[in-house]
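Student: just need the structure, nothing else, for what follows:
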Amino acid sequence: SHIGDVFLCDQLNVSQSSELQELSPDVSVLIPVHRGVDFVSHSIASIIMQCVDELHQPLDDETRGPQSSLSSMQIVIVDDRCVDGSIGVMIQSCKTLLASQPNILLMVLDHREGQITLHEEHQQQQKRHHPQPTISIAIDIIASKSPGVASALNTGLDHCRSELVARMDADDICAPGRLISQLRFMRGNSSVNVVGTAAVVFSTKDDQDKNDCPILPYHSIAPSCNQCHIVRTSLSVIDPGFMSWTMLFTCTISHPTVMFRKSAIDEIGGYDESIKCAEDYDLWLRMLDKDCRSILCLPFVGVWHRKHKHNNSVTNSLAQKKEANEACYRAIKKILSSPDDETDESLDIEHITSLKDPATATSLDSINNAARLLMNMESTFLQKNDMCLTEHEIKLIQNDCNARIGELATIAISKFGKDYTDHFKFNSSEGPCYVWRLWSDRCPNEQFQRLSLLCHLTTTS
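Tutor: Residues are numbered from 1 along each chain as shown. Coordinates of the predicted model:
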């Protein structure tokens with residue numbers, strides 16, 4: 001056979017595919033695909049190149065061994081109502097890239113339409129020259145059970161054969177060494193269930209000169225006709241206890257960068273399919289509720305994250321923000337609830353919204369309530385996790401609280417101070433500005449900042 005041959009599965013091929021399904025690869029890479037015909041070639045190439053790089057990069061004595069290698073990979077491509085031909089482009093890109101790699105065996109199984117189609121890529125030539133290929137890659141193409149990212153991910157997880165699953169989006173790019181670095185870490189740290197990395201956020205746009213983007217990883221094997229612009233570097237929190245705290249306010253881990261243990265995701269019920277735009281954030285919060293040290297990030301760039309007009313965060317930004325606030329509400333409610341009382345009647349989602357984004361507060365009372373909620377969260381979180389937080393992480397949490405209180409107090413003065421000029425008395429227990437007194441008590445060394453705010457308030461009044 002040769003590249004491009006397709007064999008409809010008969011009884012013999014069904015047996016072959018069953019044998020493949022029983023194999024447990026080193027890692028399963030999970031990719032839902034809805035659209036992205038202009039991006040998917042570079043994306044899948046960056047995944048395949050993880051194996052190519054591993055094959056051609058000699059290991060030193062410290063990294064040599066089965067626990068530090070990447071000898072087999074499964075790529076699970078989930079067809080989430082894809083109609084633009086993206087999946088076909090991905091498969092063709094894999095064939096082309098691996099045509100010159102006889103040490104890598106590629107098998108493609110298409111499970112859609114209730115019939116398995118087996119693509120055998122230059123298998124006979126490989127067997128003649130290399131009876132036992134050094135690395136094997138199996139690609140499983142499956143159809144999502146229901147529309148939406150969460151359903152696609154749950155469907156894909158059901159087909160992942162490895163305990164270690166790496167997430168990837170069809171429009172992003174894997175940085176060199178990402179998968180092997182995460183594999184080594186997960187193999188050596190059994191208590192960690194999810195590990196992410198930092199990411200570079202970039203965008204592309206049409207350019208008359210049609211220049212390539214040489215700064216992108218693997219640009220030479222998947223050249224682009226667009227100019228690349230770096231938007232920002234997304235640096236993640238590397239202290240697990242502190243990350244658990246910061247996740248109560250915003251999602252501090254990039255979904256496409258993670259590798260996780262499939263059993264840990266299954267244990268908490270997988271992705272919530274009722275959540276359409278913040279399914280990853282909800283998942284992480286539920287996992288951290290069980291163990292505040294189960295998620296962390298490694299301090300290197302593992303993914304180049306592409307921003308474009310079809311991103312979910314762009315097309316559904318309001319819905320994503322609403323679902324994120326609701327996920328925060330559920331997580332904070334769990335933290336604040338006592339064993340005897342499962343609910344906290346005083347908790348209001350408006351307080352959480354004001355705490356996460358003080359500029360949206362509609363009154364000084366809302367700011368004060370957000371500050372009271374923050375103090376309650378800090379004491380409860382530290383008490384609940386006192387046995388698993390390091391002294392450094394506790395200090396980070398306290399400093400973060402001080403910074404949030406300062407922000408709340410600043411908004412209180414700048415937005416509502418003109419209406420309460422007579423009430424900003426530092427030593428008074430009366431008056432409406434609780435957050436100002438709290439800031440004064442917790443951060444006495446920041447009196448210059450407070451004086452500047454009061455001078456500005458007096459001048460503008």
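
Student: all helices for the stretch 101-250 of the chain, in order.
Tutor: The residue ranges that make up the helices of the stretch 101-250 of the chain, judged by DSSP state H, counting those that start in this stretch, are 123-129, 149-159, 178-188, 240-246.

Student: relative to T390, which of those is closest?
Tutor: Ranking the helices of the stretch 101-250 of the chain by their distance to T390 (criterion: CB to CB) puts helix 240-246 first, at 6.4 Å. Every residue, glycine included, has its C-beta placed from N, CA and C.

Student: need the contact list for the closest residue to S43 other than its chain neighbours.
Tutor: Taking CB to CB, 6 or more residues apart in numbering as the measure, S43 lies nearest to A170, with 5.3 Å between them; neighbours along the chain are not counted. The contact partners of A170, taken as CB atoms under 8 Å, 6 or more residues apart in numbering, are I31, P32, V33, H34, G36, F39, V40, S43, I44, S86, M90.

Student: got a winner among those for most neighbours?
Tutor: Note: the member of the contacts of A170 with the most neighbours is I44, at 29 neighbours, neighbours being other CB atoms under 10 Å.

Student: wait, that residue sits on K95?
Tutor: No. In this structure, I44 is not within contact of K95 by CB atoms under 8 Å, at 10.7 Å.

Student: quick one: low-confidence parts of the stretch 201-350 of the chain?
Tutor: 205-214, 222-227, 310-315, 338-346 (pLDDT under 70).

Student: strands along that one, start to end?
Tutor: Counting by DSSP state E, counting those that start in this stretch, the segments of the stretch 201-350 of the chain that form strands are 226-234, 259-261, 295-306.

Student: so can I have CSV of those showing distance to R450 and mean neighbour count?
Tutor: Shown next, in CSV, are those (distance: least, CB to CB, whole Å; neighbours: other CB atoms under 10 Å):
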stretch, distance to R450, mean neighbour count
strand 226-234, 31, 14
strand 259-261, 44, 24
strand 295-306, 35, 21
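
Student: export those to a markdown table and tack on distance to S363?
Tutor: Conversion of the strands of the stretch 201-350 of the chain to a markdown table gives the following (distance: least, CB to CB, whole Å):
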| stretch | distance to S363 |
| --- | --- |
| strand 226-234 | 33 |
| strand 259-261 | 41 |
| strand 295-306 | 35 |
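
Student: for L396, which of those is the nearest?
Tutor: Distance to L396, taken as CB to CB, is lowest for strand 295-306 among the strands of the stretch 201-350 of the chain, at 13.6 Å.

Student: just checking, what's the longest helix in the chain?
Tutor: Taking DSSP state H as the assignment, the helix of the chain that covers the most residues is helix 391-416.

Student: helix or strand next in line after it, which one?
Tutor: Downstream of helix 391-416, the next assigned helix or strand under DSSP states H and E is helix 434-442.

Student: list the buried residues for that next one?
Tutor: Residues of helix 434-442 classed as buried by neighbour count (16 or more other CB atoms under 10 Å): Y434, V435, W436, R437, L438, W439, S440.

Student: please report the distance of D280 from L347.
Tutor: With the distance defined as CB to CB, to the nearest Å, D280 ends up 24 Å from L347.

Student: neighbour count winner among those two?
Tutor: Under the neighbour definition other CB under 10 Å, D280 and L347 were set side by side, and D280 has more, 21 against 16.

Student: out of everything not next to it in sequence, what's closest to the more buried one?
Tutor: H255 (4.1 Å).

Student: and for that neighbour, the neighbour number?
Tutor: When counting by other CB under 10 Å, one arrives at 22 neighbours for H255.

Student: what about the stretch 351-461 of the chain, any weak spots by pLDDT?
Tutor: 418-432, 456-461.

Student: try it again at 90.
Tutor: Across the stretch 351-461 of the chain, the stretches falling below the confidence threshold (pLDDT under 90) are 351, 410, 412-434, 436-437, 440, 445-461.
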